[in-house]
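S.K.: Predicted coordinates and the sequence they were generated for:
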Protein chains: 2
Amino acid sequence: MKFILLAALVCGQTLTNGAQAQSDKEIKEALSALQALPKKVPTPADNPQSVVKVELGKALYFDPRLSKDGTISCNSCHNVMSGGDDGRPVGVGIMGQRGGRGSPTVWNSAFNTVQFWDGRAATLEDQAKGPLTNPIEMGMESHDAVMARVKKIPGYGEMFKKAFPKDKEPVSIDNLARAIASFERTLVTPDSAFDLYKNGNKKALSPAAIRGMVLVHQVGCTSCHGGGNFNGEGFKMGEGNYQPFPQVPGSGYDKQYDLLSDKGRYEVTKKDEDKNLWRVPTWRNVALTAPYFHNGKVKTLDEAVRVMAKTQLDMELKDDQVSDVVAFLNSLTGKLPTIVAPKLPQLANESLTPEP
Amino acid sequence: MKFILLAALVCGQTLTNGAQAQSDKEIKEALSALQALPKKVPTPADNPQSVVKVELGKALYFDPRLSKDGTISCNSCHNVMSGGDDGRPVGVGIMGQRGGRGSPTVWNSAFNTVQFWDGRAATLEDQAKGPLTNPIEMGMESHDAVMARVKKIPGYGEMFKKAFPKDKEPVSIDNLARAIASFERTLVTPDSAFDLYKNGNKKALSPAAIRGMVLVHQVGCTSCHGGGNFNGEGFKMGEGNYQPFPQVPGSGYDKQYDLLSDKGRYEVTKKDEDKNLWRVPTWRNVALTAPYFHNGKVKTLDEAVRVMAKTQLDMELKDDQVSDVVAFLNSLTGKLPTIVAPKLPQLANESLTPEP
């Protein structure tokens, strides 16, 4: 559901034929412009990582009691046993309600400089608070209502105290968000085939993936999908890499996949210049996060590549070029960390989640 | 949601006062009638446990792609990070649909001689097949539709082959059910305070829990809630311990908690003598599985104990007796096993779960 290939360089390039071997120079040029996943995750000064905080955040992340009727946890839509998303067109909240957009992957979201498709949260901490009280997601009346539940569970009290030992009132919505964000900062997927290749293992990429890598560099996809997380380079935390999608309106895809009705960034700012601007999403693990784009209307990665080439670059890729790009994108599937399922602290003898 | 205290012995007992110390003889008598959790889990001859089968079953158990719209896995209603249930009055399936009954705990379900509230499945293998095609649970059109999805995921093919190496066509609905059942046979919770006490640690139970233990033995609760899983003793696999609930109709609770409208076992057999008969549920981990009874109408364990005493034994317990019984029931909360979250095998580049 989460994939936009955007490019500033549109015209006049001589395309490398997909079936043709790439010259060493072309490979070197492409590779030098691309980056492996950074080893260090950016962390805000007021929320340093700690083992106990990550453990707390993990429990909260998996806890469906944070939703009104006890059916939805963070993990419901951002499944860390899978692509970090829900594999569906749009997110599903309490009472079976459908959201308007697809669930972005949580994998490597620590490297995003803004969160949500429209960048309306500057940090993971801010993001974590949103779905809790969104009426069609987790549906809680207020953050106070969330914390009233959390406070009823004795085990959480202990965990918050340990995670925030200097706080007088550690069990707070801000600390809940901090803990979830800290857990999410552990959700990184290093050592993709591309990373191994970039770091010197020349056997890590197939010839098709190498051709795809050169192609996305030469046609300019990576001018937007650059940087270690393949979603923009040089942006600071809180500063979004927003790009128009479609960049070149008027193709048949606009209507076929309903690309224009959701105005993206504009829905937040109400500024005309933000109409149909979107945060550039990561390419990492994109092979695991079908269906594609903000509305999940495109079912396969092949088609997503075709749509992007047309709507952003006004290009029609040949089939072998599409499959080369898809091979490269598959090389960005990383090693998912092993996660021990939390044992959620329990409230004995009574239920916290009645029917709404 | 899952708790029925049934008793055959109803009348004429001299009740031990809750606040009064129990004699050694009373404690010995109660204790000798009760059993620790068996160390060995019953396993059918045609489905022996294996590490690879359990791993496969675990992945399937957590996989929401086995539901029509990709939102519900076995774990959604039988959450092994929690009480083995969903902590809700009734189960919730796809599209937010509510079921008619509460989700029974999966913990120690390997010791149940029949499955479901009404015993309509004789084995864990049979049980596992039901929710997949129940239109208000996982909502798949057919078991063939389930297997068509599973077959599209290459990683599952490999896992089925390893788990069922002698089968010509290992990827089958029967083997899917076998694998899930094998995983469920690992979901046992030994070493509760009661088990430690029964096995010789005399400090493991509080005085209140000991008083509660003697009480439930003396008034006859354990004539139904006996055996290692506290849901019946001496029954063979496939043979259910069904008991009427209410045993003594006519109390105010029948109406207050709507105890009579769902006919239980009768809904399966359509035999008059089965009206309002229910499988006796386990007491193990009952403190973690509020709200209570087949319809989840009773919110606290205290109230469940009061209701049971009245509807099954025609007794009104004093408050200190209720709290003693609750203390004993809390001593049946076991050690939950540590579970490593599976990495679900992925289908790259396309989605398996479109909107229904």
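M.R.: Looks like it arrived, so ask away.

S.K.: residue contacts, whatever residue of the stretch 1-150 of chain A ends up closest to chain B?
M.R.: Of all residues in the stretch 1-150 of chain A, A:G96 sits closest to chain B, at 2.6 Å by Cβ to the nearest Cβ. The C-beta positions use only the backbone N, C-alpha and C, and glycine is treated the same way. Residues in contact with A:G96 (Cβ atoms under 8 Å, 6 or more residues apart in numbering or on different chains) are B:I94, B:M95, B:G96, B:Q97.

S.K.: And for the first one, nearest residue in space, chain neighbours not counted?
M.R.: Pointing back at B:I94 there. Nearest residue to B:I94, sequence neighbours excluded (Cβ to Cβ, 6 or more residues apart in numbering or on different chains): B:G139, at 4.4 Å.

S.K.: any idea how far the one you found lies from chain A?
M.R.: Distance, B:G139 to chain A, using Cβ to the nearest Cβ, to the nearest Å: 11 Å.

S.K.: so what's that residue up against?
M.R.: Neighbours of B:G139 in contact, by Cβ under 8 Å, 6+ apart: B:S67, B:K68, B:D69, B:I72, B:G93, B:I94, B:M95, B:T133, B:P356.

S.K.: Now the fifth one. Nearest residue, chain neighbours left out?
M.R.: The shortest distance from B:G93 to any non-neighbouring residue, by Cβ to Cβ, 6+ apart, is to B:E137 (4.0 Å).

S.K.: Near that neighbour, how many residues? Count them for me, please.
M.R.: For B:E137, the neighbour count with other Cβ atoms under 10 Å in any protein chain shown is 23.

S.K.: Quick one: residues contacting it.
M.R.: When contacts are counted by Cβ under 8 Å, 6+ apart, B:E137 touches B:S67, B:I72, B:C77, B:G91, B:G93, B:I94, B:Q97, B:G99, B:G130, B:P131.

S.K.: Now the first one, what are its backbone angles?
M.R.: For B:S67, the backbone dihedrals are phi -110, psi 150 (criterion: degrees, to the nearest 10).

S.K.: wait, what's in contact with it?
M.R.: B:S73, B:G93, B:I94, B:L132, B:E137, B:M138, B:G139, B:M140, B:T353.

S.K.: Next up, the contacts around the residue nearest the centre of chain A.
M.R.: Among the residues of chain A, the one closest to the centroid is A:T105, at 3.6 Å (Cα atoms, centre = their mean). Applying Cβ under 8 Å, 6+ apart, we find A:T105 in contact with A:K2, A:H78, A:G83, A:G84, A:D85, A:T282, A:N285, A:L288, A:T289.

S.K.: Can you give me the distance of the closest residue to it other than its chain neighbours to A:D118?
M.R.: Of all residues beyond its chain neighbours, the one nearest A:T105 is A:G84 (3.6 Å), with distances taken as Cβ to Cβ, 6+ apart. Going from A:G84 to A:D118 by Cβ to Cβ, to the nearest Å gives 19 Å.

S.K.: Counting neighbours around each, name which of these two comes out higher.
M.R.: Per other Cβ under 10 Å, whichever of A:G84 and A:D118 has more neighbours is A:G84, with 27 against 23.

S.K.: mind listing what the more buried one touches?
M.R.: When contacts are counted by Cβ under 8 Å, 6+ apart, A:G84 touches A:H78, A:T105, A:V106, A:W107, A:S109, A:L187, A:N285, A:L288, A:T289.

S.K.: which regions of the stretch 1-150 of chain A lie under the pLDDT threshold?
M.R.: Applying pLDDT under 70 to the stretch 1-150 of chain A flags the ranges A:1-20.

S.K.: One more pass at 80, please.
M.R.: Applying pLDDT under 80 to the stretch 1-150 of chain A flags residues A:1-21.

S.K.: what does it have sitting close to chain B?
M.R.: Contact residues (Cβ under 8 Å from any Cβ of the partner chain) of the stretch 1-150 of chain A with chain B: A:62, A:64-65, A:69-71, A:76, A:79-83, A:86-89, A:92, A:94-98.

S.K.: Now do the same contact list for A:D63.
M.R.: For A:D63, the contact set (Cβ under 8 Å, 6+ apart) comprises A:S73, A:L344.

S.K.: and what of the one 5 residues further on?
M.R.: Under the criterion of Cβ under 8 Å, 6+ apart, the contact partners of A:K68 comprise A:I94, A:M138, A:G139, A:M140, A:E141, A:T353, A:P356.

S.K.: 6 Å instead, please
M.R.: Taking Cβ atoms under 6 Å, 6 or more residues apart in numbering or on different chains, we find A:K68 in contact with A:I94, A:G139, A:M140, A:P356.

S.K.: just the strands in chain A please.
M.R.: Ranges of strands within chain A are A:242-244, A:277-279, based on DSSP state E.

S.K.: Buried deepest among those strands, which one?
M.R.: Mean neighbour count (mean count of other Cβ atoms under 10 Å in any protein chain shown) peaks for strand A:277-279 among the strands of chain A, with a mean of 24.

S.K.: ok, how many other residues are close to the closest residue to A:E158 other than its chain neighbours?
M.R.: Excluding the flanking residues, the one nearest A:E158 by Cβ to Cβ, 6+ apart is A:P345, at 7.8 Å. For A:P345, the count of nearby residues is 18 (other Cβ under 10 Å).

S.K.: which residues touch A:P345?
M.R.: Contacts for A:P345 (Cβ under 6 Å, 6+ apart) come out as A:I153, A:G155, A:Y156.

S.K.: on that earlier part again, and the contacts of B:S67, which two are furthest apart?
M.R.: Among the contacts of B:S67, the pair separated by the greatest distance (Cβ to Cβ) is B:E137 and B:T353, at 15.4 Å.

S.K.: picking up where we left off before, could you tell me how far the residue of the stretch 1-150 of chain A closest to chain B is located from B:D63?
M.R.: 19 Å.

S.K.: and what of A:K270?
M.R.: In this view, A:K270 and B:D63 are 41 Å apart by Cβ to Cβ.

S.K.: just A:F164 next, same as before
M.R.: From A:F164 across to B:D63, the span is 35 Å (Cβ to Cβ).

S.K.: now swap in A:I339 and tell me
M.R.: Using Cβ to Cβ, A:I339 is found at 15 Å from B:D63.

S.K.: before we move on, what about A:Q243?
M.R.: In this view, A:Q243 and B:D63 are 35 Å apart by Cβ to Cβ.

S.K.: What of A:I173?
M.R.: Distance, A:I173 to B:D63, using Cβ to Cβ: 32 Å.

S.K.: Equivalent analysis for A:T338, please.
M.R.: Plainly put, A:T338 is 17 Å away from B:D63 if you go by Cβ to Cβ.

S.K.: Next: A:I27.
M.R.: Distance of A:I27 to B:D63, given as Cβ to Cβ: 39 Å.

S.K.: Now list the buried members of the contacts of B:S67.
M.R.: Among these, those classed as buried by 16 or more other Cβ atoms under 10 Å in any protein chain shown are B:S73, B:G93, B:I94, B:L132, B:E137, B:M138, B:G139, B:M140, B:T353.

S.K.: Out of these, name the ones that lie in helices.
M.R.: Among the buried ones among the contacts of B:S67, DSSP state H puts B:L132 in helices.

S.K.: Among the buried ones among the contacts of B:S67, which one sits closest to chain A?
M.R.: B:T353 (5.4 Å).

S.K.: No further questions, thank you.
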